[in-house]
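Peer 1: Sequence and predicted structure are below.
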Amino acid sequence: MEEVAKYVDEMDVTVHGATPEIHDAFNGVKGSYEHVMNNIKEYAKVKSEEQAICAVINVMPHTINNMERIMLNTALELDGQLDSFVIQRIAPSGRASGNQFFIQPLDVNKVMEVFKRLKDENGFNYEFCDVFPYCSIKPEYRDMLPKGGCNWGTEVCAVFSDGSVKRCAMGSSELTNMADLDTPEKFQEFWNNNPELQAYRKKYHLDEKCQRCEMLDDCGGACTMSRFYGDPYAKKNLDKNGRPRTGHDVLAME
Ligand code: SF4
């Protein structure tokens, strides 16, 4: 751990349930909760002040009514070592395709109420990795949300262990491979000119409702991936001119 810790800015662990048993059952791997928590505790011993530890919490049907317990138990387990919670949804991609992990619009403010209370009472910090539609969140909870929308494709992108690069970690299309970007100039050329990145930044994937919305600058059109048909930039969703299918986040209010 000591050897690799110096290369890591932040170590994140996804917690799938309020108890080790629920987490292991969801993962399908017995002992996975204990294993990952032990690794985090080892990292905590060797990391510097600047390096962070975060717990990723997926908001999905089987966690939505249990959020408070999951978060309090995680904070307790990590005993003061946790810097923040990363909140995200599961988009219909890969093994999660279909809408089995979608939450309902009515549940969103229930869970925001829990986040706000735990923030006020326990000092919990949040990073919203997945942008929630502003129109689905009550005004009193909106100050917890990031402003400007999703930053996958504007500030960060996903690089996988085989070198493949995608705009979003849940995205369908492989844009390039890091092995082909072996100089800063090549990376810069890719980052500035890749067609999917350019289209995403111009928000070609948003429908008229979002394009005309007065909250678009803050909301950014919410999550690009959380649509009933998945990634608008997936090959199957591109028209003959390479334009993405337009739409909006499943939680966006009518
Ligand atoms: S931009 Fe779209 S998702 Fe965001 S608040 Fe407006 S209508 Fe809702």
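Peer 2: Everything's here; your move. Because the structure is predicted, anything quoted here is derived from the model rather than measured. Residues are numbered from 1 along each chain as shown.

Peer 1: Now do the same contact list for the closest residue to residue 253 other than its chain neighbours.
Peer 2: Of all residues beyond its chain neighbours, the one nearest residue 253 is residue 135 (4.4 Å), with distances taken as Cβ to Cβ, 6 or more residues apart in numbering. Just so you know, the C-beta spots here come from the backbone N, C-alpha and C atoms, and that holds for glycine as well. The neighbours of residue 135, taking Cβ atoms under 8 Å, 6 or more residues apart in numbering as the test, are 213, 215, 219, 252-253.

Peer 1: okay, the residues you listed in a markdown table with neighbour count and distance to the ligand next?
Peer 2: Putting these into a markdown table (neighbours: other Cβ atoms under 10 Å; distance: Cβ to the nearest ligand atom, whole Å) gives the following:
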| residue | neighbour count | distance to the ligand |
| --- | --- | --- |
| 213 | 18 | 3 |
| 215 | 13 | 4 |
| 219 | 26 | 3 |
| 252 | 23 | 4 |
| 253 | 13 | 6 |
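
Peer 1: May I see these arranged in TSV, with pLDDT, secondary structure and distance to residue 43 as well?
Peer 2: Rendered in TSV, the data for those read as follows (pLDDT from 0 to 100; DSSP: H, G, I helix; E, B strand; the rest coil; distance: Cβ to Cβ, whole Å):
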residue	pLDDT	secondary structure	distance to residue 43
213	96	coil	41
215	96	coil	38
219	96	helix	34
252	92	coil	38
253	84	coil	40
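
Peer 1: what about residue 37, is that helix, strand or coil?
Peer 2: The local conformation at residue 37, judged by DSSP: H, G, I helix; E, B strand; the rest coil, is helix.

Peer 1: what about the residue found closest to it once you drop the neighbours it is linked to in the chain, helix or strand, and which?
Peer 2: Nearest residue to residue 37, sequence neighbours excluded (Cβ to Cβ, 6+ apart): residue 77, at 5.8 Å. Taking DSSP states H and E as the criterion, the element that holds residue 77 is helix 67-78.

Peer 1: Rounded mean pLDDT for that helix, please.
Peer 2: Throughout helix 67-78, pLDDT has a mean value of 96.
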